[in-house]
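# structure for the following, please:
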Amino acid sequence: MPQNWQEFSEAVRIGQLDAAYRFLTLDVRPGLEMSSLAQIEALQTTFEEVLTDPALHSYRGVNIAEVAASAIIEDLIKRPSYPEHQVRQLYLTLFQFWIRNHQKSGRIEDEAVFLTLASGLLSIDVQSSVAILAAAGSWWRTRRNRSRLRFLLEVLDLVLVVAPDACGSPRFWPTAESTTYGDIPDH
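Purely as a prediction, here's the structure:
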C-alpha cells in the first residue's frame, strides 16, 4: 500500500487501484510533500490524470477520482500554510472538478468545500473571482431553492470582500435580478 501521495501516484499509474483506494481511505494519511517545485508539479500532474481518467470513475463501484479529490482537498486545507500561492493551479483544478461533479448536490458539505476552495483561490488570486461567480451562477441555476440562495449570498459576500467590482459583472446579475424571493421553491 502507498505510504505517501507520491507512492499513491505511482500506484495509480501502474494500475494498483486497490492499494491506491486503501491509501485514500486511511484515517490518517502522511502529510503532503510539497517542499519543491518538482513535487508540486508532480502532484498537479497526478491529480489532473486521476480526475480525468475514466477508469477511476467506476472502479468496482467506487469513484476513486471523487475519493481522491476529497482526500487531497482535506489534506491541503489542513496545512497551516493554506492557501499556498505555488499550489494555485492544483486548487483551481480541484475547484473545477468539484463544481462539475457537485453542482447538483444539495448537500451543505459540498457547498462548504466550494466556499473553502473559493476562499483559498481568492486569497492568492483576486482574478479568480470571475470563475467563482460563474460557478456560483451555474450551481444556482441547477438547484434554485431557498437553501441554495443562502449559499449564493455567501459566495457573493466572500467575493465582495476581496473583489468589490467583480459583482458588477453583467454576466452575473441578470440571473440574480430576474429571481425574486417568491420565485424560489421551498425545497
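
# could you use CA atoms for every contact and neighbour count after this?
Fine.

# what ranges do the helices span in this protein?
Counting by DSSP state H, the chain has helices at residues 5-13, 17-24, 37-52, 64-78, 88-102, 108-124, 129-142, 146-162, 173-177.

# report the angle between the fourth one and helix 17-24.
Between helix 64-78 and helix 17-24, the angle comes out at 30 degrees (axes from the mean of the first three to the mean of the last three Cα atoms, to 10 degrees).

# what comes up buried for helix 64-78?
The neighbour-count check on helix 64-78 (16 or more other Cα atoms under 10 Å) flags 64-73, 75-77 as buried.

# of those, closest to residue 50?
residue 65 (5.7 Å; Cα to Cα).

# next up, the contacts around the closest one.
Residue 65 sits next to 50, 51, 52, 53, 56, 57 when contact means Cα atoms under 8 Å, 6 or more residues apart in numbering.

# which of the residues you listed count as buried?
Neighbour counting with 16+ other Cα under 10 Å marks 50, 51, 56, 57 as buried within these.

# which residues sit in contact with the last one?
Same thing as residue 57. By Cα under 8 Å, 6+ apart, residue 57 lies in contact with 63, 64, 65, 66.

# ok, how many other residues are close to residue 80?
Neighbours of residue 80 under the rule other Cα atoms under 10 Å: 8.

# got the confidence number for it?
pLDDT for residue 80: 91.

# residue 160 and residue 133: what is the separation?
11 Å (Cα to Cα, to the nearest Å).

# comparing these two, which shows the higher neighbour count?
It is residue 133, of residue 160 and residue 133, that has more neighbours when counted by other Cα under 10 Å, with 21 against 15.
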